[in-house]
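Visitor: show me how the following folds:
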Amino acid sequence: MGRRILVIGGLAAGPSAASKAARTNPDAEVVLYEQGDAVSYGVCEIPYHISGEVKAEDLAAFTPEKLRTTRRVDARILHRVEEIQPGRRVLRVRNLTDGTSSEERFDRLIIATGSRPRRLGLEGEESRNVFRVKALDEAYALRKFVGEEHPRTAVIVGGGYIGMEMAEALKSLGIDVTVLHNSGLPMKALERETRERVREELERNGVRFVGMAQTAGFVRGKGGTVTHVVTGDGSFEAGIVVVAIGVEPNSDLARGAGIRTGVSGGILTDQRQQTSADNIYAAGDCCEVKNLVTGRQAYIPLATVASKAGWTAGENAAGGNAVFRGAIRAIAVRVFGLEVAQVGASGEDAREAGFDAVCETITGWSRVAAMPGSERITVRLIADRKSQRLLGANISGREGAVLRANTLAVAIQQKVTIGEMQQWDLAYSPPFAPLWDPLLVAANAMQKKLRTP
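Guide: So this is what the prediction gives:
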């Protein structure tokens with residue numbers, strides 16, 4: 001009898017784990033349980049569906065039928081796992097269609113329960129014109145609300161990556177947008193210069209950014225919809241509200257089974273994605289991972305991390321011996337016409353981890369300056385004075401920023417020094433890159449600063 005591998009959760013980690021398990025062990029029975037009605041879809045594409053750039057039918061990566069026929073995974077939607085019993089190797093599963101409950105035996109289990117949006121905890125947060133951007137059904141509901149109700153104003157609570165994407169999406173639909181953020185500048189994880197440039201881009205495109213704003217409540221009108229968002233410094237009219245204040249690990253099921261979690265609440269695993277319970281693995285936004293820059297456990301809820309960790313968990317659950325060493329945190333966002341990317345540690349992160357962090361910023365050209373379409377690119381590097389190792393970077397510009405950030409992401413993972421970075425042989429072609437690419441200019445400037453006592 002083949003090994004029975006059960007997977008809890010869809011989206012990125014679950015289907016990746018299930019598919020890899022089925023490929024690794026063709027004799028295994030692989031069953032995936034997802035409590036929603038969609039098993040795998042692009043969460044990151046949701047803001048672009050709201051704006052109309054991405055069609056609804058293009059959001060789904062895998063249907064249950066496609067997983068069954070192409071990956072040999074028995075994907076069961078509308079099935080909620082209510083309990084894990086590690087000692088018995090049993091799950092208690094409820095069929096949400098007919099309400100029946102069953103016990104399902106496993107030889108190996110993979111937990112991929114993802115994350116859930118953080119909540120404000122305010123009365124009125126469940127009003128029909130208040131949305132979060134995490135689940136497919138809410139994305140469809142938001143798009144439907146805008147199409148039918150035609151709100152004139154929108155308030156976005158939260159100035160992180162999702163807040164920026166939703167500001168652009170709603171503004172593109174002709175809605176007046178206000179962003180409320182609990183810090184003085186948007187996108188806390190970035191360096192100050194980059195954050196200032198993001199705020200300028202918002203304002204240039206008619207988005208009102210209100211910093212140091214603490215959301216205190218909602219005013220509701222007839223029909224129970226929110227009409228205003230109240231802060232300590234006044235209220236803001238809102239025909240629609242988007243709450244985008246981050247996510248937290250959805251690890252309650254694992255904790256209930258006695259599985260160890262970390263400071264963030266994420267499930268703790270080793271490099272094989274094995275949890276503290278025998279025969280149980282975990283992957284994705286429900287887990288903590290090792291930060292490859294700081295060497296510490298961290299919560300990095302990104303689809304790229306989730307998918308790779310899912311592969312590792314799936315292969316090992318099926319009898320393999322794969323390793324996922326961790327992540328550096330590589331993330332990018334488009335803010336209207338501005339590309340913004342962060343890779344690796346911020347200056348603050350580096351100092352907290354014990355590095356003697358040195359930061360340097362330069363501005364260069366995306367192409368040869370004389371070429372039509374050439375734009376200014378700003379590069380900020382973070383390096384360790386003692387080892388001269390590259391620790392992190394911010395890049396922003398109107399073209400070419402994100403792809404250059406990917407080059408730096410590889411360098412950070414490989415612990416490249418600034419001296420080694422100076423020797424990079426990068427392509428030079430007037431339509432694409434200048435003779436001295438901004439990355440080389442930044443490395444030269446950083447080397448001079450590292451030599452300064």
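
Visitor: for residue 220, give the beta-bridge partners.
Guide: Note on residue 220: beta-bridge partners by DSSP bridges are residue 226.

Visitor: would you agree residue 138 falls within a strand?
Guide: No: when the secondary structure is assigned by DSSP: H, G, I helix; E, B strand; the rest coil, residue 138 falls in helix instead of a strand.

Visitor: show me what the helix or strand of the chain with the lowest mean pLDDT is in contact with.
Guide: Between all helices and strands in the chain, the lowest mean by mean pLDDT, DSSP states H and E belongs to strand 60-62, at a mean of 82. For strand 60-62, the surrounding residues in contact (C-beta atoms under 8 Å, 6 or more residues apart in numbering) are 15, 38, 39, 40, 41, 42, 71, 75. (C-beta placed from N, C-alpha, C; glycine too.)

Visitor: how far does that strand sit from the chain's center?
Guide: Here the centre of mass of C-alpha atoms in strand 60-62, compared against the chain's by C-alpha atoms, centre = their mean, to the nearest Å, lies 18 Å away.

Visitor: and stretch 411-429, by the same measure?
Guide: Distance, stretch centre to chain centre, for stretch 411-429: 26 Å (C-alpha atoms, centre = their mean).

Visitor: helices along the stretch 1-150 of the chain, start to end?
Guide: All helices of the stretch 1-150 of the chain, identified by DSSP state H, counting those that start in this stretch, fall at 13-24, 46-50, 64-71, 136-149.

Visitor: and the second one, what other elements does it pack with?
Guide: It stands for helix 46-50. Counting contacts by 3 or more C-beta pairs under 8 Å, 6 or more residues apart in numbering; DSSP states H and E, the secondary-structure elements packed against helix 46-50 are helix 136-149, helix 161-172.

Visitor: what are the buried residues along that helix?
Guide: 46, 47, 48, 49, 50 (16 or more other C-beta atoms under 10 Å).

Visitor: can you check the longest one too?
Guide: Neighbour-count burial for helix 136-149 flags 136, 139, 142, 143, 145, 146 (criterion: 16+ other C-beta under 10 Å).

Visitor: tell me what it is packed against?
Guide: Identification of packing neighbours for helix 136-149 by 3+ C-beta pairs under 8 Å, 6+ apart yields helix 46-50, strand 130-131, strand 240-243.

Visitor: ok, then the element right after that helix?
Guide: Scanning forward in sequence from helix 136-149 by DSSP states H and E, the next helix or strand is strand 153-157.

Visitor: contacts for that next one, please.
Guide: Identification of contacts with strand 153-157 by C-beta under 8 Å, 6+ apart yields 120, 163, 166-167, 170, 175-180, 215, 229, 236-245.

Visitor: let's see 6 Å
Guide: Residues external to strand 153-157 that are found in contact with it (C-beta atoms under 6 Å, 6 or more residues apart in numbering): 163, 166-167, 170, 175-180, 215, 229, 236-243.

Visitor: now swap in stretch 85-94 and tell me
Guide: Stretch 85-94 is contacted by residues 79-84, 101-106, 257, 277 when judged by C-beta under 6 Å, 6+ apart.

Visitor: then stretch 140-147?
Guide: By C-beta under 6 Å, 6+ apart, the list of residues contacting stretch 140-147 from outside reads 50, 131.

Visitor: which ones among the contacts of stretch 85-94 map onto strands?
Guide: The subset of these located in strands under the criterion DSSP state E comprises 79, 80, 81, 82, 83, 84, 101, 102, 103, 104, 105.

Visitor: touching, the third one and residue 9? I think so.
Guide: Which is residue 81. No: under the criterion of C-beta atoms under 6 Å, residue 81 makes no contact with residue 9, lying 8.5 Å away.

Visitor: neighbour count winner among these two?
Guide: The neighbour comparison of residue 81 against residue 9 (other C-beta atoms under 10 Å) goes to residue 9, with 31 against 21.
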